[in-house]
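In: sequence unknown, structure follows:
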């Protein structure tokens, strides 16, 4: 080592090694004390509104097939999807917070309908394929109370009469909770050839469909390529088969911190609302690709907040864009729902999902729109 190097290392402005270690230790201790203080303050402010992992385990929200649990286990990782419903799955689901109990089964491909898809659908008559998220799946409702089932009954009213001259109409439910635009496209491209529908209905839920797409990634997304396989940054299925949202419980050392749960959830929500223009452009491209694959009817379904009058500027702009591109007719349920008592259309403690009355209103609005495509109910 030459004199210049020795002089640099021993410069009087540099702290001694012992002083540097002491400073770092004090900084570390200060950070820990600050974080602990923030944890205490946030726990006091939130007053139990945010539950840690152990608290959720001790007081499970759900009762699944008679067993109390904090977990949702109906999903699995998919080959093309980040997650999808388990195939041939049967569940009695009770939500102690939302206050409802319902039963559902899935078919061989993991969709809530009694018809297995296999290598194709052999049913005769007219066929309608409905793609959507948990509102189409019918979360909170038994099968007979889901709007797609009600719609099929309306279309086939009087089907028991031998003298009826109209073809039967079959409605296929391809709704899966937490899916969005990318999953709608994948489902249309994969299952349309099997169902061979006369009409495809895409049931959009604008209050969260755009957020779902923001969190969806695939190779070539930013270059305008359509997906063949996707990943999600928000929802995921862990190694134990449990379904989660966000980052709050990914890390065992942090999932007992209310401050971490609050911060991670707020950060995720803020991120999902970012990059609006590009996300909307991708959504438009996906919808255009779906429409090019066959006759398509688009629904716009509100949450209770929009039903009660809250503006949805993003939905309005996207709907105008679809209409300018030749999509139509678009069934805007916002005005239809707003004309009714919104408290009766949605569950009291679940403002995103429909009661039987809400499902019936949705089915009747779609039934009226279907006359445009020459599909109507029996006399």
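Out: The structure has been received and is ready for your questions. None of these values were measured; they are calculated from a predicted model.
In: this protein - how does it break down into domains?
Out: Domain assignment for the chain by automatic domain parsing gives 17-49, 53-373.
In: rank those by pLDDT, which is bottom?
Out: Of all those, the minimum mean pLDDT falls on domain 17-49 (a mean of 79).
In: quick one: buried residues of that domain?
Out: 38, 39, 42, 43 (16 or more other CB atoms under 10 Å). For the C-beta atoms, the positions are set from N, CA and C on the backbone; glycine is no exception.
In: so of those residues, which ones are in helices?
Out: The helices, defined by DSSP state H, take in 38, 39, 42, 43 from those.
In: I'd like these as TSV, with distance to residue 179 appended.
Out: Formatted as TSV, those follow (distance: CB to CB, whole Å):
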residue	distance to residue 179
38	36
39	35
42	33
43	35
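In: quick one: secondary structure of the residue sitting nearest the centre point of the chain?
Out: By CA atoms, centre = their mean, the mean C-alpha position of the chain lies nearest to residue 178, the distance being 1.8 Å. Following DSSP: H, G, I helix; E, B strand; the rest coil, residue 178 is assigned to coil.
In: so who does it touch?
Out: Neighbouring residues of residue 178 by CB atoms under 8 Å, 6 or more residues apart in numbering: 83, 133, 134, 212, 235, 245.
In: tell me which element residue 262 falls in.
Out: Residue 262 is part of helix 258-272, with elements assigned from DSSP states H and E.
In: which strands and helices sit next to that helix?
Out: With contacts taken as 3 or more CB pairs under 8 Å, 6 or more residues apart in numbering; DSSP states H and E, helix 258-272 sits against helix 17-46, helix 206-214.
In: so which of those helices is nearest residue 259?
Out: Counting by CB to CB, residue 259 lies closest to helix 17-46 out of those; the figure is 4.7 Å.
In: what's the angle between that closest one and helix 258-272?
Out: For helix 17-46 against helix 258-272, the angle by axes from the mean of the first three to the mean of the last three CA atoms, to 10 degrees is 80 degrees.
In: ok, then the element right after helix 17-46?
Out: helix 53-58.
In: now stretch 239-248: buried residues?
Out: Buried residues in stretch 239-248, counted by 16+ other CB under 10 Å: 243, 244, 246, 247, 248.
In: should've said stretch 112-130
Out: Under the neighbour-count criterion of 16+ other CB under 10 Å, stretch 112-130 has 112, 113, 115, 117, 121, 126, 127, 128, 129, 130 buried.
In: in TSV: these, plus distance to residue 202 and secondary structure.
Out: Below are the buried residues of stretch 112-130 laid out as TSV (distance: CB to CB, whole Å; DSSP: H, G, I helix; E, B strand; the rest coil):
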residue	distance to residue 202	secondary structure
112	17	coil
113	17	coil
115	20	coil
117	19	coil
121	19	coil
126	18	strand
127	15	strand
128	12	strand
129	9	strand
130	8	strand
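In: those residues: which two are farthest apart?
Out: Among the buried residues of stretch 112-130, 112 and 126 lie farthest apart (CB to CB), at 20.6 Å.
In: residue 266: neighbouring residues, count only.
Out: Neighbourhood size, residue 266 [other CB atoms under 10 Å]: 11.
In: ditto for residue 255
Out: Using other CB under 10 Å, residue 255 has 17 neighbouring residues.
In: which of the ones in helices among the buried residues of domain 17-49 sit farthest apart?
Out: Spanning the widest gap among these are 38 and 43, at 9.5 Å by CB to CB.
In: what is in contact with those two at once?
Out: Contact with both residue 38 and residue 43 is made by residues residue 259, according to CB under 8 Å, 6+ apart.
In: tell me which element residue 294 falls in.
Out: Residue-wise, residue 294 maps onto no helix or strand under DSSP H and E.
In: in stretch 308-318, what counts as buried?
Out: 312, 314, 315, 318.
In: closest to residue 24 out of the residues you listed?
Out: When these are compared for distance to residue 24 (CB to CB), residue 314 comes out closest, at 47.2 Å.
In: so who does the closest one touch?
Out: Residue 314 makes contacts with 206, 210, 276, 280, as judged by CB under 8 Å, 6+ apart.
In: on that earlier part again, a markdown table for the helices and strands packed on helix 258-272, including distance to residue 108?
Out: Converted to a markdown table, these look like this (distance: least, CB to CB, whole Å):
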| stretch | distance to residue 108 |
| --- | --- |
| helix 17-46 | 44 |
| helix 206-214 | 25 |
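In: and residue 357, how many residues sit next to it?
Out: Residues near residue 357, counting by other CB under 10 Å: 14.
In: check contacts around it.
Out: Contact analysis of residue 357 by CB under 8 Å, 6+ apart lists 344, 345.
In: measure it to residue 263 for me?
Out: 39 Å (CB to CB, to the nearest Å).
In: am I right that residue 301 is in contact with residue 201?
Out: No - the criterion here is CB atoms under 8 Å, and residue 301 misses it with residue 201 at 11.2 Å.
In: more crowded one of these two?
Out: More neighbours surround residue 301 than the other of residue 301 and residue 201, with 29 against 26 (other CB under 10 Å).
In: re the thing from before, next step: the contacts of residue 178 restricted to strands.
Out: When strands are assigned by DSSP state E, the members of the contacts of residue 178 inside them are 235, 245.
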